[in-house]
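Peer 1: return atomic coordinates for the entry below.
(2 chains)
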Amino acid sequence: MQDLEKIDTRFFSAEREAHLDVVGETVPRVDARSHVTGKTQFYEDMTLPGMLHLKMARSTRHHALIRKIDLKAAEKVPGFVRALTHKDVPNNWYTILRLIGVEPNDEPVLPEDRVLFAGEQIVAILADTAAAAGEAASKVKIEYKDLPAVFDVEEALKPGAPIIKPHGKNYFVYEGHHCRRIRFGDVEKGFASADHVIEHRYQSAPIEHAPTETTGCIVKPEGNGRFTIHSNTQACYFTLDNAALILGLPFNKLRVVGGTVGGGFGGKVDVIVEPIAILAAMLTGRPVKYAYSREEEMQVSSPRAAERITIKDGVMKDGRIVARKVTLYVDAGAYSRHSPYGTTKAAAHMPGPYSIPNVWVDAHCVYTNRTPSSAMRGFGVTIGDFALESQMDRIARFLKMDPVEFRMLNAYRDGDTKAHRKKAEGCALVEVMQKAAEMTGRTLPERFRKMSSLSREGI
Amino acid sequence: MSSSVVTLNVNGESREFLCRPGTTLLDALRDSLSLTAAKKGCAQGSCGTCTVLVEGRAVFACLVPVETIGSRPVETLEGLAAGEALHPLQAAFIEGFATQCGFCTSGMILAAKALLRASPDPTRADVVRAISGNVCRCTGYEAIVDAILMAAARLRKTATRKRAAE
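Peer 2: Residues are numbered from 1 along each chain as shown, chains lettered A, B, ... in the order given. Down below sits the predicted model:
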C-alpha cells in the first residue's frame, strides 16, 4: 500500500488554509520518557502512613431484597476498623449525568433495601491491610429474599415483566416518551414505493474494557476539612462534582489529582469508588485506598452496553435507499450511568452517513438485572455502525452491486438535511472512498470517480 | 507468624526490609522498597505488568514469594538506565511510539531484556513469543515488537563494534 501524503491537497483545495504544522507531523509523546524509566506515577504508586484499605461485601444475587446484614463475624477479623452502609452516606441517591440534567437519580451509592445486580456493592469494610479488609468483607452475612430477575431487553419491556426500577418502568423516559425517537419523512410510504425491502437483526454482547490498571483511588484527609483524591478516573470533574453532591460538601473541599490512567477506554468515567472512599476518610480521619481487584474489574465495572438492532430498508434496483427503519435496544443494566446519553447518541447516529429521505428510529434505553453498562470508545455509535455497515454489505450483495459504489451513491453530501434535522457540512465520505479505492488498487467507474461531496451530481 | 528481615539484591544494591511471611516479590518491591515501576494489574500472573528480572530471567513478581529469591540479583525498570543515558530498549520504545498509557511498559521492556540476553538476534516470532505473557490493552503490540527489534539491532551493532575495537 502506498504511503498517505501528509495532507492530500487534491481534495477541497479551495476550502482549506493549509498552514497545518502538527497534522501529518511526528510529535514525540510528552509522557514517553517517564513511562520507559518507570517514573510515571500512577495513583497506586504511593503508600500513605496509616492508610486503610476498603473492600466491598457484594451482592451474590441478581435481584433481591436485603433482609438482614450481620457484621459480627466481620468485626472479629484482626485489623477490622469499621463498616459503612447506606445509612452513612449523606445523599445516597445520584446518577452520574445529573450534572447535565439527566433525571431521575436512579442509583444508590450503597443499596438500601434491595440489590439489582450480582456484584453490586453493599457494605464497605475498612481494615488496616488489604488482606484483612478482604477477609472481613467475605465474612459479612447478608440475608436476601430473591425477586424475579430480567436479563433481556425485549423481555424487560413485555407486559408482566418484573419491574426493577423505583420509577416503575424498565426503561429510561425521554421527555415523556418511552424511547428516543427520530421521525423524518414517511418510512411506510418509502417501503411501499421500494423495489425491495430488506430487514435484518444484529446484536452484540457486553464488552469489558479490561484496562491493565484496575479502577481505584487513594483519598487523603488533609486535616483541614479538605480531601485530596488520587484517582485514575478519566473524568476528574465528574468525580469531584458528583462526590461533593453525594457527601454534601462544598466543591472546594475536594481536590482531585488525576490524569495518569493505566488504560481507560471509557471504563473509568463512572463515579463509583471515590465517593465512598472519601466518606471513609471523613469518618475515620485516615487515608483510604479503594482499588478493584482484577475480578471486580471484570465483573462489576461497567462494560459497553449490549445492543440489539433491527434495520429494515427499502431500496431501489439502482441502489438508492429510500426508507430506513431502525429499532434499537441498549441494555443499560441495573442503573443509568451513561446509557441514557449513549442511547441518544445511537439514535442521532442513525441512519448512518447516508442521505435517506424517509427515516424512523426508536432507540430504547432498557434496564435489566445485568451489570450496569456505561461509556466505552464511541458508545452508542460503534455497535450501531457494525449493524449499519453489515446491513449495507448485505444489501449490496443482494443487489449484486459493488459495496463501495453502493455506499457512494447513498453517502451524504454537503447541504443534505440529516434525519435529526441538522444540515450536513464538511462531508468527505465520497472523497475518502475514492482515495481508499485508489490506494487499494481498485479502479472505480468514471461516474464514481467524478462524484463529489460538494454536489449530488452523478447520483 | 511474625515478620522477618529480608535482604534483597535489587538493581545492584543490597536492600534490607521487614516483611510478613508469604509477601510477594511485587509487594516487597512496591510497598517496602518504593520501586513502583512494576505494576499490579491482576495479582494472579495473567497480565505481565509486574514482570521483573531475577538472574536475568523474566518472572511474574506477583507470583513469587520474596523469601525464595535469596541472593539472586533482581532487576527492575528503575535500574535500567545508566543515569540519564537510556538503555537501547528504552530509547527504542520512545522513538517507536511503543508506549501509550504506560502501564504495561515496565513489564514489556523487562520481558524484552530477558529475551535479548538469551537470544540477541531474535526473529519477529521470537519477540511475539517473549512478550506473549504481557498484556497491552491499548493494543500497541506492533509498535512494541518493532521497538524491541530495533533495539536488538542496535545492541548487536554496538557489540560488533566493541569486538572490532578489541
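Peer 1: quick one: the helices in the chain?
Peer 2: Defaulting to chain A. A:32-37, A:72-75, A:130-138, A:153-157, A:187-193, A:236-247, A:273-284, A:294-300, A:339-349, A:382-399, A:403-410, A:429-439, A:446-449 (DSSP state H).
Peer 1: correction: the question concerned chain B.
Peer 2: Counting by DSSP H, the helices of chain B are B:25-27, B:88-95, B:105-118, B:124-130, B:141-165.
Peer 1: in the last one, what's buried?
Peer 2: Of the residues in helix B:141-165, those scored as buried under the neighbour-count criterion (16 or more other Cβ atoms under 10 Å in any protein chain shown) are B:141, B:143-152, B:155. (Glycine included, C-beta is placed from N, CA and C.)
Peer 1: now that helix against helix B:105-118, angle please.
Peer 2: 40 degrees (axes from the mean of the first three to the mean of the last three Cα atoms, to 10 degrees).
Peer 1: how far out from the middle of the chain is helix B:141-165?
Peer 2: 17 Å (Cα atoms, centre = their mean, to the nearest Å).
Peer 1: for the shortest one, same thing?
Peer 2: In this view, helix B:25-27 has its centroid 13 Å away from the chain centroid, taken as Cα atoms, centre = their mean.
Peer 1: now do the closest residue to residue B:130 other than its chain neighbours, the pLDDT please.
Peer 2: Leaving aside its sequence neighbours, residue B:130 sits nearest to residue B:115 (Cβ to Cβ, 6 or more residues apart in numbering or on different chains; 3.8 Å). For residue B:115, the pLDDT comes out at 98.
Peer 1: Provide a list of residues in contact with residue B:115.
Peer 2: Shown in contact with residue B:115 (Cβ atoms under 8 Å, 6 or more residues apart in numbering or on different chains): B:58, B:122, B:126-127, B:130-131, B:148.
Peer 1: turn the helices of chain A into TSV, columns for mean pLDDT and distance to residue A:95.
Peer 2: TSV is the format used below for these (pLDDT from 0 to 100; distance: least, Cβ to Cβ, whole Å):
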stretch	mean pLDDT	distance to residue A:95
helix A:32-37	98	35
helix A:72-75	98	30
helix A:130-138	97	26
helix A:153-157	98	19
helix A:187-193	98	33
helix A:236-247	97	9
helix A:273-284	98	13
helix A:294-300	97	17
helix A:339-349	97	9
helix A:382-399	98	22
helix A:403-410	97	38
helix A:429-439	94	36
helix A:446-449	96	48
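Peer 1: adding mean neighbour count and distance to residue A:223, write the ones you listed out as JSON lines.
Peer 2: Below are the helices of chain A laid out as JSON lines (neighbours: other Cβ atoms under 10 Å in any protein chain shown; distance: least, Cβ to Cβ, whole Å):
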{"stretch": "helix A:32-37", "mean neighbour count": "22", "distance to residue A:223": "30"}
{"stretch": "helix A:72-75", "mean neighbour count": "15", "distance to residue A:223": "28"}
{"stretch": "helix A:130-138", "mean neighbour count": "20", "distance to residue A:223": "24"}
{"stretch": "helix A:153-157", "mean neighbour count": "19", "distance to residue A:223": "48"}
{"stretch": "helix A:187-193", "mean neighbour count": "17", "distance to residue A:223": "64"}
{"stretch": "helix A:236-247", "mean neighbour count": "20", "distance to residue A:223": "17"}
{"stretch": "helix A:273-284", "mean neighbour count": "24", "distance to residue A:223": "11"}
{"stretch": "helix A:294-300", "mean neighbour count": "18", "distance to residue A:223": "31"}
{"stretch": "helix A:339-349", "mean neighbour count": "23", "distance to residue A:223": "38"}
{"stretch": "helix A:382-399", "mean neighbour count": "18", "distance to residue A:223": "46"}
{"stretch": "helix A:403-410", "mean neighbour count": "20", "distance to residue A:223": "62"}
{"stretch": "helix A:429-439", "mean neighbour count": "16", "distance to residue A:223": "57"}
{"stretch": "helix A:446-449", "mean neighbour count": "13", "distance to residue A:223": "70"}
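Peer 1: distance to residue A:137 for the helices of chain B - can I get that in JSON lines?
Peer 2: Listed next are the helices of chain B as JSON lines, based on distance: least, Cβ to Cβ, whole Å:
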{"stretch": "helix B:25-27", "distance to residue A:137": "19"}
{"stretch": "helix B:88-95", "distance to residue A:137": "39"}
{"stretch": "helix B:105-118", "distance to residue A:137": "29"}
{"stretch": "helix B:124-130", "distance to residue A:137": "38"}
{"stretch": "helix B:141-165", "distance to residue A:137": "36"}
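Peer 1: how many other residues sit next to the residue in chain B positioned nearest to chain A?
Peer 2: Using Cβ to the nearest Cβ, the point where chain B gets nearest to chain A is residue B:37, with a distance of 2.7 Å. Other residues near residue B:37 come to 27 when the count uses other Cβ atoms under 10 Å in any protein chain shown.
Peer 1: go on, the one 4 residues further on?
Peer 2: The criterion is other Cβ under 10 Å. On that basis, residue B:41 has 26 neighbouring residues.
Peer 1: ok, residue B:58 next?
Peer 2: Quick note: residue B:58 (other Cβ under 10 Å) scores 24 neighbours.
Peer 1: got the contact list for residue A:324?
Peer 2: A:187, A:311-314, A:350-351, A:354, A:356, A:358-360.
Peer 1: mind listing what the closest residue to residue B:20 other than its chain neighbours touches?
Peer 2: Excluding its sequence neighbours, the residue lying closest to residue B:20 (Cβ to Cβ, 6+ apart) is residue B:3, at 5.1 Å. Counting by Cβ under 8 Å, 6+ apart, residue B:3 touches B:18-21.
Peer 1: try it again at 7 Å.
Peer 2: By Cβ atoms under 7 Å, 6 or more residues apart in numbering or on different chains, residue B:3 lies in contact with B:18-20.
Peer 1: and the residues you listed, which is closest to residue B:8?
Peer 2: Closest approach to residue B:8 among those (Cβ to Cβ): residue B:19, at 9.7 Å.
Peer 1: number of nearby residues for residue 84?
Peer 2: Because you didn't say which chain, this covers chain A. The number of residues packed near residue A:84 is 20, by other Cβ under 10 Å.
Peer 1: switch to chain B, please.
Peer 2: By the criterion of other Cβ under 10 Å, residue B:84 has 6 neighbours.
Peer 1: from residue B:91, how far off is it?
Peer 2: According to Cβ to Cβ, to the nearest Å, residue B:84 and residue B:91 sit 12 Å apart.
Peer 1: convert stretch A:162-174 to CSV, retaining C-alpha atoms only.
Peer 2: The C-alpha coordinates for stretch A:162-174 follow below in CSV (Å, rounded to 0.1, in the frame of the first residue of the first chain):
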residue,chain,number,x,y,z
PRO,A,162,-40.7,-7.9,36.7
ILE,A,163,-40.4,-4.1,37.3
ILE,A,164,-36.9,-3.5,38.7
LYS,A,165,-36.7,0.3,38.9
PRO,A,166,-38.3,2.6,41.5
HIS,A,167,-39.8,4.9,38.9
GLY,A,168,-42.0,1.9,37.8
LYS,A,169,-40.7,1.4,34.3
ASN,A,170,-37.9,-0.8,33.0
TYR,A,171,-36.8,2.0,30.6
PHE,A,172,-35.4,5.5,30.6
VAL,A,173,-38.0,8.1,29.9
TYR,A,174,-37.1,10.7,27.2
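Peer 1: thinking again about what came up before, and residue A:430, which of the helices of chain B is closest to it?
Peer 2: Using Cβ to Cβ, the nearest of those to residue A:430 is helix B:141-165, at 30.3 Å.
Peer 1: what's the closest one packed up against?
Peer 2: helix B:88-95, helix B:105-118, helix B:124-130 (3 or more Cβ pairs under 7 Å, 6 or more residues apart in numbering or on different chains; DSSP states H and E).
Peer 1: contacting residues around that helix?
Peer 2: B:88-89, B:92-93, B:96-98, B:108, B:112, B:116, B:120-122, B:124, B:127-128, B:131, B:136.
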